[in-house]
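1. Structure of the sequence below:
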Amino acid sequence: MCRIAFAWVSMQLLIEGVTCHLSANAETPSKDMKQRYLGLLAGVCTFTVSLLMWWHRGIIPWDQHRLSVLLDQPKTADTFTRIHGSKHLMVSAFKDHRRNGAIRVISIIKRQDLQELYCVLCVHNNASTKGDGALNQCVSSKAQVEIHSDHYGFPYGTSDVFCTSPSIKATHVSISTHSNDIDSLKYLPIHNKEMKESFKYSFTVCISNLFGEYKNALQFVQTMEVYKLIGIQRVVIYNSSCGPDVEKVLKHYSKEGTLEVVPWPIDKFLKPSHGWQPAESPGDLHYYGQLTTLNECIYRYMYQSRYLLLNDIDEIIMPYKHKSLGDLMDTLQKQHPASGVFNIENHIFPKTQFDDSGRFSRPEWKSVPGLNILEHIYREPDRKNVVNPTKMIIDPRRVEQTSVHTMLKHFGPAIKVPFDVCHIIHVRVPLQGYLHKDQLYEDKKLWEFEEKLIPNINRALNESGL
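-> Down below sits the predicted model:
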C-alpha cells in the first residue's frame, strides 16, 4: 500500500513539475523537449495506474526471481508450518473440486485466538524463466476458516482454511495475518489440482499417529500381512515416535512400497495430549493430533485410492462373509449406491486371554517385541446399554470432514454394516476384564489365513532384521 501511495504522490509531483517547467519556458521550449517531457509523464502515469489496478484486483506484483526462490523452498520433514503472525499451524493444501476449486488448507487452529487470516496464492510457472511472459504472480484474499466441531475441548482444533483465486491458477499457498505479506512466508504446494477417475490403489489404510516410542513390532507385522491378504495395497502412518524395532519394520514396508510414513513431530510445535479428555490428559491438542492426521490422509489419498479405511494400528477391519475387502465393498456399494461412508463395529479381543492349544505360540517370535494376535481368539460380548464404537470404510471423494468414530461432513447416507458381515478385530486390554474365558466368544477368523500368513510374517521379520 505504501508503494502505491508513494507512486501516486510521485506522479502528482512530476505532473506539477513538468507543468511549471513548461510554463516557465512557454516561449522557448523546443519540440524535442516537449516530446521528452510528455513521454516521461505518460510513463509515470501508466506505471501508477497499473499499480492501482493490481492492488484493486488483489494481485501483488513481485520480483520473479525472489518469488521463484520462495516457492522453490524444499518442503521440510517437519510437516508443520507456522501461520505467520499467529499461534496456528498449517499442514498441507489441496484443491477441492467439490467446492468450485477452492483451496483447502488442512490446519491446526488455536480456537480462542482466531484472528482475521489472509491467503496468499501464487503461480509458479518455470516457463517464465524463458522470457515468454511474467507468469509468476501472487493474489491476496481473505481466508474462510472452519474449525471442526470435534475438538474434545482442547485449545487447538483441526480446521480447514479455505482460499479462492478466480484470477489465477495457483500452484502454492500460504496463510498470514497480513494481506500484503509475501517474502516472510513459507509456501505449501497445492495438491489434487486435477480430478481423477482411476486410482493407483483400491484400498488404503489411514493409521493415525505412532507416539510414545511405540514398540509393538510383532503385532504390527502380523497386522500388515493380514491387510495384504484381504486386499489392502497401501498403508499410511503418521509417525511421532517409535522404538528401534518398529523403525526397522517401517523401513522394510516403505522399501517394499506398501507403506508411506508421514513425519508427525507435533511435540516440537505444541504440547499434545496422550488421550482424548483434557481433564485426564491435559495438553494443547487431542491425542497427538489424531483428528488432523485422519483428515489429512483423506485428502492426501483422495485421487490415489478407491476406498480408505480409517482405523488404529491395533485394529483390523475384517470381512466375515466375503473373501476380501473388494468383494465386501462390491456387495455393499450395490446395496447402497448413494453411500460413501460405511461404519464398522469395533469388538475387543482381550490380550489377557490366550488360546489354550498353543498352536501359534511359535518360538521364532518369542524374541520379537509385541503382541502375538493369533493367540488371542476370544471376543468380549456386547455390553448392555452400550453402543459399540465404529471405525469407517469410506469413498474419500464423498466426504469432507471426519472425526475418529463418525464422519462429520459427507455426501449421501452413512451405512452401519451388520456385525456378522464385517467387524473390527481389536486386540488390546480388556474392557470387561471381570469376565472369565467361558463368558467370551471364540473367534478364530485370523486362523483361516494360516497357510499364507505364517510364512509371510516370517519373511517380513527376517527382511526387517528382527
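
2. OK, contacts around Asp312?
-> Shown in contact with Asp312 (C-beta atoms under 8 Å, 6 or more residues apart in numbering): Ile207, Ser208, Lys391, His426. C-beta here means a position set from N, CA and C on the backbone, and glycine is covered the same way.

3. Dump those into CSV; add distance to Trp447, secondary structure and neighbour count as well.
-> As requested, the contacts of Asp312 are exported to CSV (distance: C-beta to C-beta, whole Å; DSSP: H, G, I helix; E, B strand; the rest coil; neighbours: other C-beta atoms under 10 Å):
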residue, distance to Trp447, secondary structure, neighbour count
Ile207, 24, strand, 23
Ser208, 28, strand, 25
Lys391, 23, strand, 21
His426, 17, strand, 22
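
4. Looking at those residues, which is nearest Lys215?
-> Ile207 (15.8 Å; C-beta to C-beta).

5. Show the end-to-end separation of stretch 159-177, please.
-> Using C-alpha to C-alpha, to the nearest Å, the end-to-end distance of stretch 159-177 comes to 16 Å.

6. Also stretch 400-410?
-> Using C-alpha to C-alpha, one end of stretch 400-410 lies 6 Å from the other.

7. Now tell me what touches it from outside.
-> Stretch 400-410 is contacted from outside by 98, 146, 148-150, 160, 276, 290-291, 294-295, 298, 310, 340-341, 343, 389-392, 394, 398-399, 411, 414, using C-beta under 8 Å, 6+ apart.

8. Among these, filter down to the buried ones and hand me the ChimeraX syntax, if you would.
-> A single ChimeraX command selects the buried members of the contacts of stretch 400-410 (16 or more other C-beta atoms under 10 Å):
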select :146,148,150,160,276,290,291,294,295,298,310,340,341,343,390,391,392,394,399,414
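
9. mind listing what the closest residue to Asp96 other than its chain neighbours touches?
-> Nearest residue to Asp96, sequence neighbours excluded (C-beta to C-beta, 6 or more residues apart in numbering): Arg104, at 4.6 Å. Residues near Arg104 by C-beta under 8 Å, 6+ apart: Ala93, Phe94, Lys95, Asp96, Asp160, Val161, Phe162, Tyr299.

10. In the sheet, which residues pair with the second one? Tell me.
-> In this case it means Phe94. For Phe94, the beta-bridge partners under DSSP bridges are Arg104, His191.

11. is it true that it touches Ile298?
-> No. Contact criterion C-beta atoms under 8 Å: Phe94 and Ile298 do not qualify, at 9.4 Å.

12. how about Gly370, secondary structure?
-> coil (DSSP: H, G, I helix; E, B strand; the rest coil).

13. got TSV for the contacts of Arg104, with distance to Val404 and pLDDT too?
-> Listed next are the contacts of Arg104 as TSV, based on distance: C-beta to C-beta, whole Å; pLDDT from 0 to 100:
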residue	distance to Val404	pLDDT
Ala93	23	97
Phe94	21	98
Lys95	26	96
Asp96	22	97
Asp160	17	98
Val161	22	98
Phe162	23	98
Tyr299	17	98
